[in-house]
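**Student:** Dropping a prediction and its sequence here:
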Amino acid sequence: MRQHTPQIAALASRQRLTRNLGLSLLLAALLGGCAETPAAQDAGTAEPATAPAPTAQKSTARPEASSTASAKAKEGDTQLASDKKDQAFDAAGYRAAIEKLSEPDGEFFSDNYISNETSYLQVAEQLPKVVPTGGAYVGVGPEQNFTYIALTQPELAFIVDVRRDNMVLHLMYKAIFDLAQDRAHFLGLLTGRDYTPGKVDVPSLEEAMKVVGAAAATEDSFKAAHAAVRERIEKTYGFALDGKDGRSLREAHRAFFDGGLDIRFKLKEASWRKYPSLRELMEAKSPAGKQKGFLASDELFRRVQKMHRENRIIPVVGNFGGDRTFPAIAAMLTERNLTLRSFYVSNVEQYLMVDGLWPKWQRNVAALPVDERSVFIRGYLDQGRKHPQQMAGHRTATTLHRIQDFNARKRPYGSMYLLATDGVIGG
C-alpha cells in the first residue's frame, strides 16, 4: 500500500468516507457489519463495523521498549508454565513479535472500545464441533475475540487491526487479565471500580456484574486501577508508553470508567443509533439459549486468562490487504508448525472490495497454512437485504465458511451478500 503523510492520509480517509456515505444502500452496507439493539434497527443508514476498514496509513511507530522495563521483563516474570509451552513467549519475545508483525497506524471514524455485533454468539454451538482445538486463531476488533478464543482453544492467537489504538486497547486487556483474580475483579479493574476481590462469593456472571455495578466509582478508584494497568504494561511487558500511546490507553480506560458496564460502541461523530452495552453483550445467549461469552463461566474466563499470562494472544497493527503483517503471520505459523483453525474477519472484506485491496487479500489468505477444517467467522449487516441465516431481533448474521473454498475461487465476489451467503457451513 502507498504510504502517505498523516495529513494526506486523514484527508484521503475522509474523502473515501464521504464518497461511500453518498452511495446507495449497497455501499451503505460497507460502513456497517455490526448491529445495534433491536429497538434501534433501521436499514437505511450506514454505520461503521467493529472491525475497521483498511485506510491510508501513517508513518511507522512501533512499540518501543524502555531499557529498565526490558531488563525486568528478561527476568521471565511473565513466562508461566504451560502445556503448550513451545507456543508461549516470554515478555521480550512477545514484544518483539508485535514489533515484527505490525504495520503503520491507520485511521477510522469510531473508537471501537467494545463490539456492536449482537449476533456474535450465533456460531457458539457450531465452533467447537467444526473447529479442532489447537492451531492458531486470527481475529479483528475488541473483546468479541476473547469469546471465540475461549470456544476454539487455539495454541496461539493474533488480533489484527488497522488501528494502533486497538493494539493499545488489547495491551490494557492483557494487563487486566493478568492482574485479575476472578471475573468480578476483571470487571472491577476494567471499569475502574473500588472493588476488592475475595470479600464476597461471585459464582456467576450475574453476581459479578451486580457486585461490580454496586462498587464505588471515584477518581481515586480509577487512578488506582489505571496505575496498576499502566505499570504492568511498562514494567512487566516492557513497553514504553509514549505520549500518543499513553493518551490512547488512558482514553480507552477512562471510557470504561465513565460508561461502566453500560459502555456502548459509538461513532466519533454524533449518531442517533443505540448500540448494545457491554452488559448486554455479556448477557447475550447463543441460539441454544446459553450464555457463551468469555465471562459466562469461570472456565471460559480462565482459558483466555491462561493464554494471556503465557503471552499467546498477540495484538498487531495490520491491514488485511497489507504487504507485511499477514505474510509475516503466515511465515510464523509455518515455522511453528501451526495450522490456522479459525479466522474472525467480521465484515472487513466489504471494505477490501471498495478499496481495491481484494487481490492482496486473496494473496494473504492463500499464504496462510490451512486445511479442510479451517474456517472464516464472518459478520454480515442487513441494510435492506436479510441474510438467510439472520436471527430474529438482529441486524447482523454471523456465519462460518471454509477457508479452502475461498482459496479455490479465483474470481472476486460481486457483493458482500454474495460472499456472506456462499458456502455457509450448516446453511
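**Tutor:** In hand now; what should we look at? Numbering: from 1, shown residues only.

**Student:** In space, what's closest to residue 122 - neighbours in sequence excluded?
**Tutor:** Nearest residue to residue 122 in three dimensions, chain neighbours excluded: residue 398, at 4.1 Å (CB to CB, 6 or more residues apart in numbering). C-beta: built from backbone N, CA, C; applies to glycine.

**Student:** which helices and strands sit right next to the helix or strand the one you found falls within?
**Tutor:** For residue 398, the host element (DSSP states H and E) is strand 396-402. When contacts are defined as 3 or more CB pairs under 8 Å, 6 or more residues apart in numbering; DSSP states H and E, strand 396-402 sits against helix 126-130, strand 375-381.

**Student:** Turn those into JSON lines, columns for distance to residue 407, mean neighbour count and mean pLDDT.
**Tutor:** Listed next are the helices and strands packed on strand 396-402 as JSON lines, based on distance: least, CB to CB, whole Å; neighbours: other CB atoms under 10 Å; pLDDT from 0 to 100:
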{"stretch": "helix 126-130", "distance to residue 407": "17", "mean neighbour count": "16", "mean pLDDT": "97"}
{"stretch": "strand 375-381", "distance to residue 407": "11", "mean neighbour count": "27", "mean pLDDT": "96"}
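
**Student:** So residue 254: helix, strand or coil?
**Tutor:** The three-state label for residue 254, taken from DSSP: H, G, I helix; E, B strand; the rest coil, comes out as helix.

**Student:** okay, it: pLDDT?
**Tutor:** Per-residue confidence (pLDDT) for residue 254: 98.

**Student:** Phi and psi next, for the residue nearest to residue 326 when sequence neighbours are not counted.
**Tutor:** Nearest non-adjacent residue to residue 326, counting by CB to CB, 6+ apart: residue 364, 3.7 Å away. As for residue 364, its main-chain torsions (degrees, to the nearest 10) stand at phi -70, psi -40.

**Student:** count of residues packed around the nearest residue to residue 389 once chain neighbours are set aside?
**Tutor:** Take residue 389 and drop its neighbours on the chain: the residue closest to it by CB to CB, 6+ apart is residue 397, 5.0 Å away. When neighbours are defined as other CB atoms under 10 Å, residue 397 has 25 of them.

**Student:** Now stretch 387-395: buried residues?
**Tutor:** By neighbour count on 16 or more other CB atoms under 10 Å, the buried set for stretch 387-395 is 387, 389-390, 394-395.

**Student:** Now, those that are in helices?
**Tutor:** Among the buried residues of stretch 387-395, no residue falls in helices (DSSP state H).

**Student:** Could you work out the most separated pair of those residues?
**Tutor:** Maximum pairwise distance in the buried residues of stretch 387-395, criterion CB to CB, is 13.1 Å, between 389 and 395.

**Student:** Which parts of the stretch 301-427 of the chain are strands?
**Tutor:** In the stretch 301-427 of the chain, the strands defined using DSSP state E, counting those that start in this stretch lie at 313-317, 340-346, 375-381, 396-402.

**Student:** got a list of contacts for the shortest one?
**Tutor:** Which is strand 313-317. 89, 94, 97-98, 101-106, 149, 156-164, 166-167, 169-171, 174, 304, 307, 325, 329 (CB atoms under 8 Å, 6 or more residues apart in numbering).

**Student:** so what strands line up beside it?
**Tutor:** Strand 313-317 has the following sheet partners, assigned by DSSP bridges: strand 156-161 (parallel).

**Student:** tell me the mean pLDDT over the strand it pairs with?
**Tutor:** Mean predicted confidence for strand 156-161 is 98.

**Student:** and if you look at stretch 347-367?
**Tutor:** pLDDT averaged over stretch 347-367 gives 95.

**Student:** Quick one: closest of the strands of the stretch 301-427 of the chain to residue 207.
**Tutor:** Closest among those, using CB to CB: strand 313-317, at 26.4 Å.

**Student:** I'd like the average pLDDT over the closest one.
**Tutor:** Confidence for strand 313-317, expressed as mean pLDDT, is 98.

**Student:** With just CA atoms, put that strand into CSV.
**Tutor:** Extracted as CSV, the C-alpha positions of strand 313-317 are listed here (Å, rounded to 0.1, in the frame of the first residue of the first chain):
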residue,chain,number,x,y,z
ILE,A,313,-2.6,-13.6,22.4
ILE,A,314,-0.6,-11.1,20.2
PRO,A,315,-2.3,-7.8,19.2
VAL,A,316,-0.9,-6.5,15.9
VAL,A,317,-1.3,-3.3,13.9
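
**Student:** so how far is that strand from its chain's centroid?
**Tutor:** 9 Å (CA atoms, centre = their mean, to the nearest Å).

**Student:** Buried residues in that strand, which are they?
**Tutor:** Burial within strand 313-317, assessed by neighbour count using 16+ other CB under 10 Å, is assigned to 313-317.

**Student:** May I see these organised as JSON lines, with distance to residue 181 added?
**Tutor:** Below are the buried residues of strand 313-317 laid out as JSON lines (distance: CB to CB, whole Å):
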{"residue": "313", "distance to residue 181": "19"}
{"residue": "314", "distance to residue 181": "24"}
{"residue": "315", "distance to residue 181": "23"}
{"residue": "316", "distance to residue 181": "29"}
{"residue": "317", "distance to residue 181": "31"}
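
**Student:** Relative to residue 173, how far out is residue 407?
**Tutor:** The gap separating residue 407 from residue 173 is 32 Å, by CB to CB, to the nearest Å.

**Student:** and residue 103, that's in a strand?
**Tutor:** No: Residue 103 sits outside any strand when classified using three-state DSSP, being coil.

**Student:** In this structure it contacts residue 321, no?
**Tutor:** No: between residue 103 and residue 321 there is no contact, the gap being 10.6 Å when judged by CB atoms under 8 Å.

**Student:** Show me the contact partners of the strand holding residue 398.
**Tutor:** With CB under 8 Å, 6+ apart, strand 396-402 has contacts from 33-35, 117-123, 126-127, 130, 372, 374-382, 386-387, 389-391, 420, 422-427.

**Student:** Okay, buried residues for that strand please.
**Tutor:** Residues of strand 396-402 classed as buried by neighbour count (16+ other CB under 10 Å): 396-402.

**Student:** My guess is residue 257 contacts residue 194. True?
**Tutor:** No: if you go by CB under 8 Å, residue 257 and residue 194 don't touch, sitting 11.3 Å apart.

**Student:** any common contacting residues for these two?
**Tutor:** Residues touching both residue 257 and residue 194 (CB under 8 Å, 6+ apart): residue 217.
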